[in-house]
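Engineer: no sequence on this one, just coordinates:
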């Protein structure tokens, strides 16, 4: 599967909307993606055709990279795309450490991150707001690349 850089804010917003629609979460707009991509330390890597079957957006920092969002279109899920995107981004940025936050009620994402070597390192209480003024904790997760560690998890 071909993975490359994608700086098309409209394509990122479309994939993000499709990926998060079933969870009834607010998708990021093309303007929000455009604003993020204007920063030199923000990188988007996408897989699939020009319309991005999936993508990962990261902020590269001196001590590693933060995954800001990871989105895969519903019809492209469970094909290893998210794992490939994480691995590609980590290698492309040379990141020795990755971290992210994920809603505790997002079981699929939590399982993906656990199987790819992330561990829970903290929690933000009532961080995400859901319909009906219901709050969900954010799990802070991280993973360090060790010497000799395989890129595939």
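Structural biologist: Great, that's in hand. Predicted model, so just to flag it, every value in this text is computed and none were measured.
Engineer: helices and strands of the protein: which one has the lowest mean pLDDT?
Structural biologist: Ranked by mean pLDDT, DSSP states H and E, the weakest helix or strand in the chain is strand 3-5, scoring a mean of 83.
Engineer: can you report how many residues lie near residue 69?
Structural biologist: 18 (other C-beta atoms under 10 Å). Where you see a C-beta, it was placed from the backbone N, CA and C, and this is true even at glycine.
Engineer: wait, isn't it in contact with residue 57?
Structural biologist: Yes - assessed by C-beta atoms under 8 Å, residue 69 is found in contact with residue 57 at 5.0 Å.
Engineer: mind listing what's buried in stretch 67-76?
Structural biologist: Within stretch 67-76, the residues that count as buried by 16 or more other C-beta atoms under 10 Å are 67, 68, 69, 70, 71, 72, 73, 76.
Engineer: off-centre distance for that stretch?
Structural biologist: 7 Å (C-alpha atoms, centre = their mean, to the nearest Å).
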